[in-house]
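Colleague: Just a sequence and a predicted model for now, questions to come.
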Amino acid sequence: MIGPAARRILFWGMDAIRNGIVKEHYEDISAKNESDSFSTEQLEKLLEHAKKTVPFYRNQDYLNINEFPILTKKDFKEDYDAFKSHAFLNSTTHEMSTSGSTGTPFIIQQDINKRKRTVAELIYFNHIAGQKLGDRYMYIKAFLKPKSFMERIKQNVIPVEILRFDKSVLEEIRLTLKKDKSIGSILAYSSSYEILANYLYDLQDKPDMFNLKALFSSSAVLTDDTKDKLVKVFGCPVIDRYSNQENGVLAQTKETYGNFYINRASYYIELLKISGDESAAKGEPGRIVITDLYNFAMPMIRYDTGDLAVSDDDNRNNLKTLRNIQGRRVDIIFDTEGSMMTPHTWSVHMRKYNQLKQWQFIQEDKKKYILKVNGAEGIYSKDDFDNTLRSILGSDAEIDIQYVDEIPVLASGKFKNTICNYKPDHQESL
């Protein structure tokens with residue numbers, strides 16, 4: 001079996017053969033983030049490129065980024081081709097498909113240079129938190145498709161499927177981590193960590209039973225209670241990562257408790273007022289708006305993620321840190337037998353309905369559910385949805401499928417994909 005050091009040599013050697021593009025991006029990301037600098041030149045280059053080659057921006061007299069419009073996923077979906085750069089129409093691009101946490105799934109085209117930038121980001125942000133390139137790790141996720149044997153070997157990963165996150169899966173994770181001391185870190189969604197932390201904490205597991213150097217959490221911010229339990233069980237730092245599929249690693253904490261440090265080497269991030277497009281004041285919750293500095297095939301300029309955060313930085317036009325990121329809160333749904341189902345189970349199963357404008361799943365009682373779908377009529381049948389849901393929840397589920405014209409957001413302006421109005425006893429779900 002190839003060791004981590006040999007894996008690193010092999011990776012960088014292959015990159016060198018391919019002109020060393022990932023290495024170049026890695027060094028640039030490292031230099032800029034560690035010197036706390038921001039690439040004004042790269043931002044200006046992106047904006048000029050968009051005005052010259054992207055139909056949506058062409059012939060516009062925007063003088064600076066503040067004059068560019070703020071966009072959402074809905075804007076991209078409704079006029080998709082208008083956001084593609086003509087300079088890359090005949091070039092090979094990489095498709096990144098989002099699971100649609102806003103209820104609006106869509107695909108973003110990334111040019112090859114952007115894709116390599118994203119790879120370099122992951123290597124850098126893993127490395128500064130203790131996970132070196134080539135180190136063995138566990139990936140806990142609801143996978144769209146199982147990782148092949150060769151993928152596991154190549155990535156040195158142990159994938160754990162959690163479409164059903166029941167006691168047997170939790171015990172499998174526990175025993176694997178105790179047995180395989182070569183596993184140095186875990187990557188999982190925050191909702192998965194919450195379930196895992198409660199399980200291991202109740203069993204009174206201790207750090208000397210494992211050999212972990214770091215835990216990486218993504219999708220939503222971990223609660224301090226969950227972090228406390230994870231530290232007591234594993235005895236290693238718990239790193240919160242703010243990232244998304246359509247862009248990459250946007251920000252990351254440096255320690256278990258503390259602020260998120262923005263990846264200013266690759267993104268320009270603004271916090272705008274919830275009720276307007278002016279900058280949110282210091283300490284005021286604001287909408288996270290991102291400009292991706294490196295995707296030239298389909299520029300994402302002033303992209304409203306739908307997430308909220310607070311920043312205590314004095315310079316509101318050049319943010320460096322975020323705190324209290326308030327991502328969309330997704331509720332855990334239970335099947336008819338009371339087993340917990342992670343929120344990302346729904347992302348996997350609903351992804352095939354890619355023509356939907358929005359969807360929302362609600363659990364009203366132990367066996368009573370509602371699926372609201374916007375944009376399904378004439379495209380997807382109720383029987384299709386019913387069959388999919390019963391395969392997940394159980395054949396005795398009582399499912400009300402509703403075709404609607406709109407699914408409203410919460411008063412805060414946030415959208416929830418899943419809502420659970422049924423709360424069983426915690427132990428029942430395990």
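Modeller: Structure received.

Colleague: Let me see the contact set for the residue nearest the centre of the chain.
Modeller: Residue closest to the mean C-alpha point of the chain, counted by C-alpha atoms, centre = their mean, is residue 244 at 3.6 Å. Contacts for residue 244 (C-beta atoms under 8 Å, 6 or more residues apart in numbering) come out as 98, 250, 305. C-beta: built from backbone N, CA, C; applies to glycine.

Colleague: Then residue 151?
Modeller: With contact taken as C-beta under 8 Å, 6+ apart, residue 151 is in contact with residue 157.

Colleague: Tell me the spacing between it and residue 157.
Modeller: According to C-beta to C-beta, to the nearest Å, residue 151 stands 8 Å off from residue 157.

Colleague: Give me the subset of the contacts of residue 244 lying in helices.
Modeller: Secondary-structure check on the contacts of residue 244 using DSSP state H: no residue lies within helices.

Colleague: Excluding chain neighbours, give the residue nearest to residue 284 in space.
Modeller: Computed as C-beta to C-beta, 6 or more residues apart in numbering, the closest residue to residue 284 that is not its neighbour in sequence is residue 310, at 6.9 Å.

Colleague: quick check: longest helix of this structure.
Modeller: Ranked by number of residues, the top helix in the chain under DSSP H is helix 112-127.

Colleague: Identify each buried residue in that helix, please.
Modeller: Of the residues in helix 112-127, those buried under the neighbour-count criterion (16 or more other C-beta atoms under 10 Å) are 114-126.

Colleague: quick one: residue 66 from residue 165, how far?
Modeller: 44 Å.

Colleague: Look at these two and report which has more neighbours.
Modeller: Neighbours were tallied for residue 66 and for residue 165 using other C-beta atoms under 10 Å; the higher tally belongs to residue 165 (27 against 11).

Colleague: how about the more buried one, what does it touch?
Modeller: For residue 165, the contacting residues are 192, 195, 339-342, taking C-beta under 8 Å, 6+ apart as the criterion.

Colleague: now those as a markdown table including pLDDT?
Modeller: Rendered in a markdown table, the data for the contacts of residue 165 read as follows (pLDDT from 0 to 100):
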| residue | pLDDT |
| --- | --- |
| 192 | 85 |
| 195 | 85 |
| 339 | 82 |
| 340 | 74 |
| 341 | 76 |
| 342 | 63 |
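
Colleague: need those residues in JSON lines with distance to residue 49, can you?
Modeller: Below are the contacts of residue 165 laid out as JSON lines (distance: C-beta to C-beta, whole Å):
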{"residue": "192", "distance to residue 49": "39"}
{"residue": "195", "distance to residue 49": "44"}
{"residue": "339", "distance to residue 49": "49"}
{"residue": "340", "distance to residue 49": "46"}
{"residue": "341", "distance to residue 49": "43"}
{"residue": "342", "distance to residue 49": "39"}
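
Colleague: Skipping its backbone neighbours, what lies nearest residue 227 in space?
Modeller: In space, and not counting its chain neighbours, residue 227 is closest to residue 238: 4.9 Å by C-beta to C-beta, 6+ apart.

Colleague: For that neighbour, give me phi and psi.
Modeller: Per-residue torsions, residue 238: phi -110, psi 110 (degrees, to the nearest 10).

Colleague: Bridged to it, which residues?
Modeller: Assessed by DSSP bridges, residue 238 has beta-bridge partners residue 215.

Colleague: And for it, the neighbour number?
Modeller: If we define neighbours as other C-beta under 10 Å, then residue 238 has 24 of them.

Colleague: The stretch 251-400 of the chain: helices as residue ranges?
Modeller: Along the stretch 251-400 of the chain, the stretches classed as helices by DSSP state H, counting those that start in this stretch are 343-350, 382-393.

Colleague: For residue 186, which three-state class applies?
Modeller: strand (DSSP: H, G, I helix; E, B strand; the rest coil).

Colleague: residues contacting it?
Modeller: Applying C-beta under 8 Å, 6+ apart to residue 186 gives the contacts 137-140, 177, 212, 215-216.

Colleague: Model confidence score at the closest residue to residue 36 other than its chain neighbours, please.
Modeller: Leaving aside its chain neighbours, residue 36 sits nearest to residue 320 (6.6 Å; criterion: C-beta to C-beta, 6+ apart). pLDDT for residue 320: 94.

Colleague: cool, residue 52 as well?
Modeller: Per-residue confidence for residue 52 comes out at a pLDDT of 95.

Colleague: so it makes contact with residue 60?
Modeller: No. Checked against C-beta atoms under 8 Å, the pair residue 52 and residue 60 is beyond contact range at 10.6 Å.

Colleague: before we move on, back to that, could you list every helix and strand that the longest helix of the chain packs against?
Modeller: Under the contact definition 3 or more C-beta pairs under 8 Å, 6 or more residues apart in numbering; DSSP states H and E, helix 112-127 sits against helix 21-34, strand 93-97, strand 249-253.
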